[in-house]
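In: next one to model:
(2 chains, ligands or ions: 2)
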Amino acid sequence: MTPQSLDTTSAPGQSRSGAGALMQLASRWRVPLTILALCALPWLLPSKALAVNVLIYGTFAVGYNLLFGYTGLLSFGHAAFFGSGAYLTGMSIVHFGANWLLALTTGITGALLLALVMGTLSIRTRGIYFSMVTLALAQLVYYTALQASSWTGGENGLRGFTVSRIDVFGLQIDFLNPLHKYYVVLIFTALALWLVSRALNSSFGAVIEAIRENEVRARACGYNVERTKLISFVLSGAICGLAGGLSALHLAIVPLDTLHYQTSGLVVMMTLLGGMGSFFGPFIGALAFLVMEDLFSLWTAHWQLFVGAIFILFVLFLPKGIWGTILGAGER
Amino acid sequence: MSTTPILTVEDVGKRFNGFVALEGVSATFGGNRVTAVIGPNGAGKSTLFNVLSGAIKPSTGRILFEGRDLTAVPQHAFAHCGIARSYQITTIFPQLSVHENVRVSGQAFRSRYNIWRNRDLDRALIANADAALAAVGLHDKRNRIAKFLSHGEQRALEIAIALVAEPKLLLLDEPTAGMGPEETKAMVALIERLAMDRTILLVEHKMKMILGLSDRILVLHHGRLIADGTPAQIQADSEVRRVYLGQSHGHA
Ligand SMILES: Nc1ncnc2c1ncn2[C@@H]1O[C@H](COP(=O)(O)OP(=O)(O)OP(=O)(O)O)[C@@H](O)[C@H]1O
Ligand SMILES: [Mg+2]
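Out: Ligands and ions are numbered 1, 2, ... in the order given. Prediction:
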């Protein structure tokens, strides 16, 4: 009985033989490798602002996939966490003059608490009911933001909190310089990726996968399924809140659309496009989506039509998504 | 065969919207014995197992395990008390590897959710999972994805998942369902081995197998316990013969 380590951390269901050794190594070092690749990203993309968006939506999608891909819960309400993170970050600056880091922390904490509430209310429902309850609760958040216009700016969105210089551990950084901004955001993205990767590698990751695979069996094995789902929901909500907060700092405005259900739909699309079965897939999905949007919108106002068509082709013919398909090819 | 009981079922009943699935079932179980639960389709056998494993709460009555009242305890706590089960329909983690299926089950009894520690570093847990797989004869399939196993292997895997928890009480709901004669024989041998150091409750339809394997038989009919005795007593019971043994299930 040689205890041999099992890599169950990347795409679920993959066989672990032959050429898998290299993949296994890459999987062990996935966070450092990802960060290395992301360091070069601003020079590979047409604009630095696009690169910042990739970090933000990549973080959003990775946080979302913790719940969707790994725990098996299809939430249609994650705009609430992205949006509340963004609003609370912005509002902390606008209304309380908070510094950027405190504002961001407030955004994350607020999203986390909101996830705790929404999770508690939705986690006991199953399948399509879960999706609908999360959607309805997120709509409630949307209308609250719309009504509380003295706090949120209502329909016009939240404005007036441009962060121009920030202090990162004693270092003064010009936040209006897109490249500097990129690397500041990358610090947070890296932290989020590392946290999610840790969670997935740990016994917690094993349990959420087990719940996704068979809830009845997980419960019979002695797991408190509801509590575990809630922890996953809250962690996912906090990561998405971070992404939202970063988006607020990046754009210096929080459009009301941030809370719209289209934002929830967007993250589902990005995740599916990249591949929900892998750690890194959703990030690739966000990258692919935003690059397509950037390129297609240059030559047509109907870019959504093309991106939508490509998305449908993927769902129909490459259901594992871009990254899942590449990983699958590497296995063979 | 007097042994101190580990499980006491007191006057247990279960209703589904007025439909009586179980009524007034009382019995005690204990010792390293195999007790078979038989009865026609819909008699309430699986419902009884669901109650005993905490999957559903009884409408009336109590369940005591090692003197502790488990009636109101949530299902996941049953596993921690030492009760494990298999299901009538195979219930495993299909996309996970065979070894991970068993490892994750064993992990339920460790301090949970330490996210700073990799799941694959707990040597004792890995060894326990390998031992459970060896016990059911699946050790050479440990790295396969569970859904690619044959039906019989999946049934055996489910037992390994239950076994790694080192249960004192093992509930097996038709472990040989859908199996061929060879696989059934292997399963019978496995159950005999498992019964050497734990209490086993077994639902089965294969009479020959039950008579060879069990020390005691309970007969359920329309949710009621109509007989409880040794295989010889059950075979001689006229009511049992009328409702069950005389039927198509192949009298031994
Ligand atoms: N969750 C439920 N809701 C409603 N009725 C149920 C439920 N579970 C079981 N029943 C009913 O209770 C009765 C007993 O079912 P049970 O599954 O316990 O039978 P069984 O003895 O295991 O039969 P089989 O040999 O077919 O497995 C059946 O009539 C079944 O339809
Ligand atoms: Mg049954």
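
In: going forward, measure contacts between C-alpha atoms and count neighbours the same way
Out: Noted.

In: what residue is smack in the middle of chain B?
Out: Residue closest to the average C-alpha location in chain B (C-alpha atoms, centre = their mean): B:Leu171, at 1.7 Å.

In: where does that one sit: helix, strand or coil?
Out: Put simply, B:Leu171 is strand when judged by DSSP: H, G, I helix; E, B strand; the rest coil.

In: show me the beta-bridge partners of it.
Out: Note on B:Leu171: beta-bridge partners by DSSP bridges are B:Arg85, B:Leu201.

In: against chain A, how distant is it?
Out: Going from B:Leu171 to chain A by C-alpha to the nearest C-alpha, to the nearest Å gives 11 Å.

In: A:Leu171 - how many residues pack around it?
Out: For A:Leu171, the count of nearby residues is 8 (other C-alpha atoms under 10 Å in any protein chain shown).

In: quick check: phi and psi on it?
Out: Main-chain dihedrals, A:Leu171, degrees, to the nearest 10: phi -100, psi 120.

In: what sits against B:Ser59?
Out: B:Val12, B:Gly13, B:Lys14, B:Arg15 (C-alpha atoms under 8 Å, 6 or more residues apart in numbering or on different chains).

In: likewise for A:Gly83?
Out: By C-alpha under 8 Å, 6+ apart, the neighbours of A:Gly83 are A:Gly241, A:Gly244, A:Thr258, A:Leu259.

In: ok so it is a helix residue?
Out: Yes. Checked against three-state DSSP, A:Gly83 lies within a helix.

In: I figured A:Thr59 hits A:Leu191, correct?
Out: No. The criterion here is C-alpha atoms under 8 Å, and A:Thr59 misses it with A:Leu191 at 9.9 Å.

In: out of those two, which sits in the more crowded spot?
Out: Applying other C-alpha under 10 Å to A:Thr59 and A:Leu191 shows that A:Thr59 carries more neighbours, namely 30 against 15.

In: please pick the buried ones from the contacts of B:Ser59.
Out: Among these, those buried by neighbour count (16 or more other C-alpha atoms under 10 Å in any protein chain shown) are B:Val12, B:Gly13, B:Lys14.

In: and the second one, that's in a strand?
Out: Yes. Read with three-state DSSP, B:Gly13 is one of the residues of a strand.

In: so what pLDDT did it get?
Out: pLDDT recorded at B:Gly13 is 97.

In: which parts of the helix or strand where A:Thr134 lies are buried?
Out: Assessed by DSSP states H and E, A:Thr134 sits inside helix A:127-147. Going by neighbour count (16+ other C-alpha under 10 Å), the buried part of helix A:127-147 is A:130-135, A:137-139, A:141-142, A:145-146.

In: can you tell me how far the residue in chain B that chain A sits nearest to sits from A:Phe161?
Out: Residue nearest to chain A within chain B: B:His76 (4.0 Å; C-alpha to the nearest C-alpha). As judged by C-alpha to C-alpha, to the nearest Å, B:His76 and A:Phe161 stand 49 Å apart.

In: now A:Ile211
Out: In terms of C-alpha to C-alpha, A:Ile211 sits 42 Å off from A:Phe161.

In: those two - which one has more neighbours?
Out: Using other C-alpha under 10 Å as the criterion, A:Ile211 and A:Phe161 rank with A:Ile211 on top: 25 against 21.

In: what about the spatially closest residue to B:Val102 that is not a sequence neighbour, is that helix, strand or coil?
Out: Nearest residue to B:Val102, sequence neighbours excluded (C-alpha to C-alpha, 6 or more residues apart in numbering or on different chains): B:Ile161, at 4.7 Å. Assigned by three-state DSSP, the conformation of B:Ile161 is helix.

In: quick one, what contacts B:Ile161?
Out: B:Ile161 neighbours (C-alpha under 8 Å, 6+ apart): A:Cys221, B:Asn101, B:Val102, B:Ser105, B:Gly106, B:Ala132.

In: I'd like to know which elements the helix or strand harbouring the fourth one is packed against.
Out: Translated: B:Ser105. Secondary-structure assignment from DSSP H and E places B:Ser105 in helix B:98-107. Using 3 or more C-alpha pairs under 8 Å, 6 or more residues apart in numbering or on different chains; DSSP states H and E, the elements in contact with helix B:98-107 are helix A:203-213, helix B:123-135, helix B:151-163.

In: quick check: which of these is nearest to ligand 1?
Out: helix B:151-163 (15.9 Å; C-alpha to the nearest ligand atom).

In: coming back round to it: who wins for most neighbours among the contacts of B:Ile161?
Out: Within these, most neighbours by other C-alpha under 10 Å means B:Val102, with 32 neighbours.

In: pretty sure it contacts B:Ala156?
Out: No. Look at B:Val102 against B:Ala156 with C-alpha under 8 Å: they stay out of range, at 11.3 Å.

In: report whether stretch A:318-326 contacts chain B.
Out: No. Taking C-alpha under 8 Å from any C-alpha of the partner chain as the criterion, stretch A:318-326 and chain B are apart, separated by no less than 14.2 Å.

In: can you point out the buried residues in that stretch?
Out: Buried residues in stretch A:318-326 (16+ other C-alpha under 10 Å): A:Leu318, A:Pro319, A:Lys320, A:Gly321, A:Ile322, A:Trp323, A:Gly324, A:Thr325.

In: filter those down to the ones in helices?
Out: Taking DSSP state H, the ones among these that sit in helices are A:Gly321, A:Ile322, A:Trp323, A:Gly324, A:Thr325.

In: okay, those in a markdown table with pLDDT next?
Out: Putting these into a markdown table (pLDDT from 0 to 100) gives the following:
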| residue | pLDDT |
| --- | --- |
| A:Gly321 | 92 |
| A:Ile322 | 91 |
| A:Trp323 | 90 |
| A:Gly324 | 89 |
| A:Thr325 | 89 |
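
In: out of those, who's nearest chain B?
Out: Using C-alpha to the nearest C-alpha, those come closest to chain B at A:Gly324, 14.9 Å.

In: any stretches of the chain with poor pLDDT?
Out: In the absence of a named chain, chain A is used. A:1-20, A:330-332 (pLDDT under 70).

In: chain B is the one I meant
Out: Within chain B, the stretches with pLDDT under 70 are B:1-3, B:111-112, B:245-252.

In: and the helices in it?
Out: So, for chain B - with DSSP H - the helices run B:45-52, B:75-81, B:98-107, B:123-135, B:151-163, B:181-194, B:207-213, B:231-236, B:238-240.

In: right, so of those helices, which gets closest to A:Gly69?
Out: The closest of the helices of chain B to A:Gly69 is helix B:98-107. By C-alpha to C-alpha, the value is 18.0 Å.

In: the closest one to helix A:203-213, inter-axis angle?
Out: Here helix B:98-107 runs at an angle of 110 degrees relative to helix A:203-213 (axes from the mean of the first three to the mean of the last three C-alpha atoms, to 10 degrees).
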